[in-house]
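Visitor: Structure here, sequence nowhere to be found:
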């Protein structure tokens, strides 16, 4: 009988067995879920998979493949349990071949990769290595036409991979920007942005961050005060998303009122106000500068944001450009690592 993808997914969820084995089990047992589960257990597949599922794979490597003409780029993260295995030649070859496979076939998700013949190869190679190995995630960016510039970077430890994409005014500008985009990819590797622009933030997230960051600065100021050191400015906001025209107008009015209170001549205000307003914006956009790529201070020129840096590089080439997308993968990011209790593990094995 024909086996559906939904049946395969259900069996995999209950047994943690590889996709291809789940499919074979269902075919062999005419789609009967209970019999297919037993079939897997009899062959030790479900038991081994279940045991593996209880272990945490938070080490590993990333892979990067970029087309010779920079029209397409793929990044992949594959996890292992230990850093030792990540240095294994077999594991490194698995990362390389998986990256090539994903790049060539434009898979939609991890399950789509593992449900193919390549998925069987992946499972077999994992068995040879003898440790829990997971294809965790991947991403691909493509150029819609020759005005798109792309480049990428893999950090020297092979644990961070980045691809950056920009829309340019011409093919000439796109080609000329490749080196700059590699530098921005290096910046992205180091500075860990989570999104492209502050415009991508969810309003509720910004509100929660505002409360948390203000409280953190207040507590920090308590310690600074105790040490008789200069206190940090306590912001009212954390993102440009919050700095409406009304907020900025009030900030400017407050600056002018302060200058008047200080007795500063009104004729010099126009020399002071812009800098003070820029400082207000800087103090009240800390979330943007930490997490939004375009709004971060560029590591190679701290007088510019990343958005301003790409604009300036394009202008030097006689054109225009804007970063439109990026992917950053870091091995183990967001995975909670279990704390090993060696004595308990030995006791459990002896028992």
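Guide: Looks like it arrived, so ask away. From a predicted model like this one, the values you see are computed outputs, not experimental measurements.
Visitor: if I look at the residue nearest to residue 147 when sequence neighbours are not counted, how far off is residue 311?
Guide: Nearest non-adjacent residue to residue 147, counting by CB to CB, 6 or more residues apart in numbering: residue 168, 4.9 Å away. Placement of C-beta: from N, CA and C, glycine included. Distance of residue 168 to residue 311, computed by CB to CB, to the nearest Å: 11 Å.
Visitor: same question, residue 129
Guide: Applying CB to CB, one obtains 46 Å for the distance of residue 129 from residue 311.
Visitor: now do residue 113
Guide: When CB to CB is the yardstick, residue 113 and residue 311 sit 38 Å from each other.
Visitor: so which strand or helix has residue 167?
Guide: Assessed by DSSP states H and E, residue 167 sits inside strand 160-168.
Visitor: which residues of the stretch 1-150 of the chain score low on pLDDT?
Guide: Under the criterion pLDDT under 70, the flagged ranges of the stretch 1-150 of the chain are 1, 44, 46-54.
Visitor: mind listing the helices for the stretch 101-250 of the chain?
Guide: In the stretch 101-250 of the chain, the segments counted as helices under DSSP state H, counting those that start in this stretch are 110-114, 117-129, 171-176, 178-191, 203-226, 245-261.
Visitor: Next, format these as a markdown table and append mean neighbour count.
Guide: What follows is the helices of the stretch 101-250 of the chain, written out as a markdown table (neighbours: other CB atoms under 10 Å):
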| stretch | mean neighbour count |
| --- | --- |
| helix 110-114 | 17 |
| helix 117-129 | 16 |
| helix 171-176 | 18 |
| helix 178-191 | 19 |
| helix 203-226 | 13 |
| helix 245-261 | 13 |
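Visitor: Could you find the closest non-adjacent residue to residue 259?
Guide: Leaving out its chain neighbours, the residue that sits closest to residue 259 by CB to CB, 6+ apart is residue 269, at 5.6 Å.
Visitor: doesn't residue 258 make contact with that neighbour?
Guide: No - taking contact to mean CB atoms under 8 Å, the distance of 10.5 Å between residue 269 and residue 258 leaves them out of contact.
Visitor: Pull up the overlap in contacts between the two.
Guide: Residues touching both residue 269 and residue 258 (CB atoms under 8 Å, 6 or more residues apart in numbering): there are none.
Visitor: tell me how far stretch 179-192 is from the chain's mean position?
Guide: If you compare the mean C-alpha spot of stretch 179-192 with that of the full chain, they lie 13 Å apart, counting by CA atoms, centre = their mean, to the nearest Å.
Visitor: again, but for stretch 127-137
Guide: Relative to the chain's own centre, stretch 127-137 is displaced by 21 Å; criterion: CA atoms, centre = their mean.
Visitor: Report the separation between the two terminal residues of it.
Guide: Chord length of stretch 127-137, first to last residue, is 20 Å (CA to CA, to the nearest Å).
Visitor: residues making contact with that stretch?
Guide: Residues from elsewhere that reach stretch 127-137 (CB under 8 Å, 6+ apart): 52-53, 55-57, 60, 76-82, 85, 88, 90-91, 94, 98, 110, 113-114, 122, 125-126, 329.
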